[in-house]
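# structure for the following, please:
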Amino acid sequence: MKKITLSILAILVTLCASSQGIVFEKGTFKEALKKAEKENKLVFIDFYTVWCGPCKRLDREVFTQKDIGDFYNTHFINVKIDAEKGEGIKLSKKYEAKTFPTLVFINSKGELIHKKVGISKNNSHKDIADLGKTAIDSEKNQYGMDRRYESGERSPEFIKAYLLSLKRQENPKWKKVFDLHVDETPEQDFLNIEGFYFLIDYAEVNTRAMDFIFANEAEYDKILEGKFYDLIFRYKARELSLLKHSGNDKEYKKACTYLKEKMGVGYNQLADYMEYTFKISLEKKVNEGFILAIKYAHKYGPKDVSIFKSVASWVSYSEGINEHVFNEAAKLMDKAIELDKENKISYLDVKAAILYRAGKKQEAEEILKKVQENTPENKRVGLVSSYVKKQFK
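Numbering: from 1, shown residues only. Presented below is the predicted three-dimensional model:
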């Protein structure tokens with residue numbers, strides 16, 4: 001009778017744990033490895049820090065979900081490790097957890113099987129669900145893909161998947177894999193829209209691949225229906241930003257010189273964009289930076305209305321904004337509506353968020369009500385105004 005009672009209690013504990021999401025181990029890292037060996041499971045490690053906002057959101061909104069808990073508790077020994085305390089300092093270095101959250105899967109020997117750096121804001125539940133499934137797939141996890149590459153697999157489909165996996169993990173090996181693939185592939189194979197997007201995803205400035213893109217500007221611009229420089233701007237702005245934030249000023253200046261030579265007058269917009277983004281993100285002169293951003297929007301926005309929304313949305317999310325900046329950002333949305341009436345609701349959404357942040361809550365609520373009435377129910381979760389209201393109320 002006693003054994004039956006204990007068995008029932010064990011089942012109830014398991015069911016309760018599953019209903020509450022992922023169950024994380026309370027013991028040491030070595031104890032987790034021993035348990036993984038005994039149960040023939042991988043260890044899932046959530047590397048976090050106490051100041052990491054996305055880490056807290058995962059804890060609150062994703063790790064607590066029943067379906068996530070059911071899967072992770074079944075397939076993994078789950079461990080949370082503070083990367084800045086105790087044994088977490090050494091372990092985070094070993095598994096190169098530099099950005100948080102970093103999610104790592106290892107075997108009982110401590111060997112890396114799979115890894116994900118960071119998490120998306122809008123689809124984090126799906127990210128975590130898919131991540132777990134990939135980690136146990138010996139063909140698709142990083143360990144398995146490394147073995148496939150080392151054994152000589154080189155199909156274009158595999159290379160694309162492998163590069164994407166390496167880069168998402170911030171593994172520098174992707175550069176060598178990419179360069180070798182470009183060298184081994186006939187140039188003609190890249191002279192199409194798929195080839196362009198593949199190259200621009202990985203080609204860094206001052207490389208043969210980037211030289212090839214610019215050398216074939218006319219053909220690519222035709223294929224891309226005149227959007228060649230728009231796409232160069234988007235991808236190279238991201239690269240310049242990463243270089244600047246890394247503190248490598250020498251490489252940043254070399255990259256700017258290269259792009260100025262290749263882009264000509266088109267480089268001016270990129271330079272203006274980098275100026276205001278660095279003012280905000282690096283110098284922390286938020287209001288001064290956003291005034292530059294608003295001027296940038298008025299200068300370049302008329303030919304691309306999305307710039308208005310991009311700048312105004314950033315204002316709505318940011319801390320330390322003064323009344324003048326809020327007012328000017330709201331005017332950007334009025335200008336966007338004037339230029340693009342078909343997407344009025346989208347711009348009103350952002351305007352409502354700005355007004356809410358500016359303390360004009362009644363006016364914001366009235367606009368938000370109109371926005372929600374004109375937005376399908378399944379799309380309302382993506383509204384800027386609803387998110388801002390939730391974050392700042």
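
# sec struct for the residue nearest the centre of the chain, please.
When CA atoms, centre = their mean is applied to the chain, the residue found nearest the centroid is residue 120 (4.9 Å). At residue 120 the chain is in coil, as set by DSSP: H, G, I helix; E, B strand; the rest coil.

# so where do the helices sit in the stretch 101-250 of the chain?
Along the stretch 101-250 of the chain, the segments classed as helices by DSSP state H, counting those that start in this stretch run 124-135, 142-150, 156-168, 173-184, 193-202, 208-215, 217-223, 228-245, 249-263.

# turn those helices into a markdown table, columns for mean pLDDT.
Putting those into a markdown table (pLDDT from 0 to 100) gives the following:
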| stretch | mean pLDDT |
| --- | --- |
| helix 124-135 | 95 |
| helix 142-150 | 97 |
| helix 156-168 | 93 |
| helix 173-184 | 96 |
| helix 193-202 | 97 |
| helix 208-215 | 97 |
| helix 217-223 | 97 |
| helix 228-245 | 94 |
| helix 249-263 | 96 |
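
# adding distance to residue 389 and mean neighbour count, write the ones you listed out as TSV.
For glycine as for every other residue, the C-beta is placed from the backbone atoms N, C-alpha and C. Output for the helices of the stretch 101-250 of the chain, formatted as TSV (distance: least, CB to CB, whole Å; neighbours: other CB atoms under 10 Å):
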stretch	distance to residue 389	mean neighbour count
helix 124-135	20	18
helix 142-150	39	16
helix 156-168	32	16
helix 173-184	40	15
helix 193-202	35	17
helix 208-215	43	17
helix 217-223	42	14
helix 228-245	29	17
helix 249-263	38	16
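
# nearest to residue 293, of the ones you listed?
The closest of these to residue 293 is helix 228-245. By CB to CB, the value is 13.3 Å.

# and the closest one, what does it pack against?
helix 193-202, helix 217-223, helix 249-263, helix 267-281 (3 or more CB pairs under 8 Å, 6 or more residues apart in numbering; DSSP states H and E).

# buried ones in the last one?
Looking back up the chat, that one is helix 267-281. By neighbour count with 16 or more other CB atoms under 10 Å, helix 267-281 contains the buried residues 267, 269-270, 272-274, 276-280.

# circling back to that earlier point, isn't the residue nearest to the centre of the chain up against residue 130?
No. Judged on CB atoms under 8 Å, residue 120 makes no contact with residue 130 at a distance of 11.0 Å.

# picking up where we left off before, which non-adjacent residue is nearest the residue nearest to the centre of the chain?
residue 127 (5.6 Å; CB to CB, 6 or more residues apart in numbering).

# now that neighbour: how far from residue 112?
19 Å (CB to CB, to the nearest Å).

# same thing with residue 66?
29 Å.

# for these two, indicate the residue with more neighbours.
Neighbours per residue (other CB atoms under 10 Å) separate residue 66 from residue 112, with residue 112 holding more: 18 against 11.

# tell me the bridge partners for the more buried one.
residue 106 (DSSP bridges).

# who's in contact with it?
Shown in contact with residue 112 (CB atoms under 8 Å, 6 or more residues apart in numbering): 95, 104-106, 142-143.
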